[in-house]
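[1] build the 3D model from these lines:
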Amino acid sequence: MKKTRLNTSHENLGARMIEFFGWEMPVEYSGLIDEHMAVRQRAGLFDVSHMGEILISGKQALDFVQYLTPNNAARLTPGKAQYTALTTPQGTFIDDLLVYCLSLSEYLLVVNAANSDKDHAWILSHQKGFDVHVENKSDEYTQLALQGPRAMDILQPMVKLNLEGLGSFEFNLAKIEGEKVFVSRTGYTGEDGVEIYTLSTQPEKIWNALLDRGKSFGLLPVGLGARDTLRLEANLMLYGNDIDETTTVLEAGLGWLVKFKKGEFLGREVLLKQKEEGIKRKIAGFELVERGIARPHYPVFIKGEKVSEVNSGTFSPYLKKPIGLTYLPLEYTEPGTEFEIGIRDKKVKARVVPTPFYKRGETDSEV
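    Sure thing, here's the model as predicted:
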């Protein structure tokens, strides 16, 4: 298994390690619920160095990124990022990703760990005709995520950078413990916070400094287990569960990132036709009406007929109830609509609810 540069640090903290798409990664340290609630109420620190980084550079870097993705990368200026997708000619997902504009001729694509090699090969297969250079830099980067309502209080004294002036999906260069980083106002938890990227060969200096500084704020190291429950509460898609090569961008409820007016991109004609004709199914959030927890791949029934399966499902530590995502026929996606989920040997009632399940700023009394 591959190991991040912080592997020894995780073991020293007593993390429970698992295999995750070829990587040995911490799934939890003190416990999933404690870690989840630390991020919601205080702050959490994640090692997400398994994520992939692919650099596209050259005279036609922007044109190439525009062709590969449905969002409008021409809106990016150096220091800005956007959420987007790598789409197939059918308008489905090779992956979802962040695109960082390092300069007008350099774009860093941050992709999912499970897909970095596949994405790199996909990008290379479409490179012909574009004056660009493509490099898979995944093994060179360490990526940390500092997330939660106290994240900025923890980080601000450690960097010569005005974090208040750093807007959502903006990033800037800084140093932490003398190590060069770029700090990005992004995350995968539904909370405020940053993701920190570094090419340093000593990222444990940054990791340890953040943990030490964060102690008085209640910061905890957080594993992949809570990362998944946090992102689901915030209705953030997970490739392989909620989106893949069988689901289109519009069906996944991500039509807002498709900019048809920008010009040609992979999947444009199919997505435009689907928009004009209307989608027949759509992803929907649900909660269980009866006892049980809906797990991925459990069958979904409408009037006794199986129509799909659960894509993501868990017990929400913050909301204290079972929640999940599934694709339903469009006419059954209105909030309040009831259907059934097969859990073991019985069918359990579920109800469509608005998403995201959790919104930052809501208090315990409001959820």
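[2] next, the buried residues of stretch 105-119.
    Of the residues in stretch 105-119, 106-116, 119 count as buried by neighbour count, 16 or more other Cβ atoms under 10 Å. Bear in mind the C-beta positions are built from the backbone N, C-alpha and C, glycine included.
[3] three-state assignment of residue 360?
    When the structure is split into helix, strand and coil by DSSP: H, G, I helix; E, B strand; the rest coil, residue 360 lands in coil.
[4] show me the contacts for it.
    When contacts are counted by Cβ atoms under 8 Å, 6 or more residues apart in numbering, residue 360 touches 190-192.
[5] residue 230 - that's part of a helix, no?
    Yes - membership of residue 230 in a helix is supported by three-state DSSP.
[6] coming back round to it: quick one: which of the contacts of residue 360 is nearest to residue 240?
    For residue 240, the closest of the contacts of residue 360 turns out to be residue 190, at 19.8 Å, with distances computed as Cβ to Cβ.
[7] from residue 147, how far off is the nearest residue to that closest one once chain neighbours are set aside?
    Excluding its sequence neighbours, the residue lying closest to residue 190 (Cβ to Cβ, 6 or more residues apart in numbering) is residue 234, at 2.7 Å. Separation of residue 234 from residue 147 (Cβ to Cβ, to the nearest Å) stands at 11 Å.
[8] how long is stretch 349-357 end to end?
    Taking Cα to Cα, to the nearest Å, the span from the opening residue of stretch 349-357 to its closing residue is 18 Å.
[9] which other residues reach that stretch?
    For stretch 349-357, the surrounding residues in contact (Cβ under 8 Å, 6+ apart) are 190, 232-235, 253, 284-290, 294, 300, 316, 319, 323-325, 328, 332-341.
[10] drop anything exposed from the residues you listed.
    Buried members of the contacts of stretch 349-357, scored by 16+ other Cβ under 10 Å, are 190, 232-235, 253, 284-288, 294, 300, 316, 323-325, 328, 332-333, 337, 339-341.
[11] out of these, which are inside helices?
    Among the buried ones among the contacts of stretch 349-357, the subset assigned to helices under DSSP state H consists of 232-233.
[12] what's the overlap in contacts for residue 234 and residue 147?
    Any residue near both residue 234 and residue 147 by Cβ under 8 Å, 6+ apart counts here, and that gives residue 189.
[13] and the nearest residue to residue 295 once chain neighbours are set aside, how many residues sit next to it?
    Once flanking residues are discounted, residue 295 sits nearest to residue 313: 5.2 Å by Cβ to Cβ, 6+ apart. Using other Cβ atoms under 10 Å, residue 313 has 25 other residues around it.
[14] in which helix or strand would I find residue 313?
    Following DSSP states H and E, the helix or strand that holds residue 313 is strand 305-316.
[15] and residue 349, by the same measure?
    Under DSSP H and E, the secondary-structure element containing residue 349 is strand 346-353.
[16] now do that strand: distance to the chain's middle.
    Taking Cα atoms, centre = their mean, to the nearest Å, one finds strand 346-353 lying 26 Å from the centre of the chain it belongs to.
[17] likewise stretch 104-115?
    With Cα atoms, centre = their mean, you get 13 Å for stretch 104-115.
[18] so residue 272 is in contact with residue 264, correct?
    No - Residue 272 is beyond contact range of residue 264, at 11.1 Å (criterion: Cβ atoms under 8 Å).
[19] those two: which has the busier surroundings?
    Between residue 272 and residue 264, counting by other Cβ under 10 Å, residue 272 is the more crowded of the two (14 against 9).
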